[in-house]
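In: Got a sequence here, can you model it:
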Amino acid sequence: MKEIGVVVVKVLEFNSIRQLRSYINSYDHYELGLSKIIGYSNYRYGDTIVNNVMSYREWITTNTKYPIIKIEGLELDFNISCKNIHLFVHQQHGLSFNWHSDDVNVLLHVIKGRKIVYMRNRRIILQAGQHIKIPKGIRHRVVSTKNTWALSIGY
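Out: Residues are numbered from 1 along each chain as shown. Have a look, this model is predicted:
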């Protein structure tokens, strides 16, 4: 649990949209299948691996039009000992995920915008700079406002 404190400190230091945008445009993340679109395919909230459906050039020129972008593998770039770190960019207002639970504890940190987390009969509003810990196995869902950027850290 002490390690998650280190993760939070590093996340708080790393909140530049410009730096995070570089992950969206990263050829390495694209090539490794770590760039994803949520809700692009026929099933509403599924993840679509970008390099399975378009060229890198098309991705770079069209990525701003997709409702939700997910970039995985940031734990490697942060060089932090945790299960995973994902960047979520919500370019439209709406439901991020329907009700679900995760198989790891999650720290959800909002960098820009606002998220509403529904969990345990509670409604928690997170503004930029705020985070919440979602315990492993707890059912929750999240709604994001347009232009919300957040990091999900699994530990």
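
In: where exactly do the strands run in the protein?
Out: 35-38, 47-49, 68-71, 84-90, 94-100, 106-112, 114-119, 122-127, 131-134, 140-144, 148-154 (DSSP state E).

In: now what about the third one, what contacts it?
Out: Where contact means C-beta atoms under 8 Å, 6 or more residues apart in numbering, the residues beyond strand 68-71 that reach it are 23-24, 26, 29, 34-39, 47, 63, 86-92, 96, 144. Heads up, the C-betas are built off the backbone N, CA and C, glycines and all.

In: where are the low-confidence patches of the protein?
Out: Applying pLDDT under 70 to the chain flags the ranges 1-15, 40-45.

In: ok, residue 136 to residue 86 distance?
Out: Applying C-beta to C-beta, to the nearest Å, the value for residue 136 to residue 86 is 16 Å.

In: Neighbour count: those two, which is higher?
Out: Between residue 136 and residue 86, counting by other C-beta atoms under 10 Å, residue 86 is the more crowded of the two (18 against 12).

In: got the contact list for the closest residue to the more buried one other than its chain neighbours?
Out: Of all residues not flanking residue 86 in the chain, residue 152 sits nearest, at 4.6 Å (C-beta to C-beta, 6 or more residues apart in numbering). The contact partners of residue 152, taken as C-beta under 8 Å, 6+ apart, are 84-86, 88, 106-109.

In: quick check, nearest of the residues you listed to residue 16?
Out: Nearest to residue 16 out of these is residue 109 (C-beta to C-beta; 13.7 Å).

In: and the closest one, how many residues sit next to it?
Out: 24.

In: how near is it to residue 87?
Out: 10 Å.
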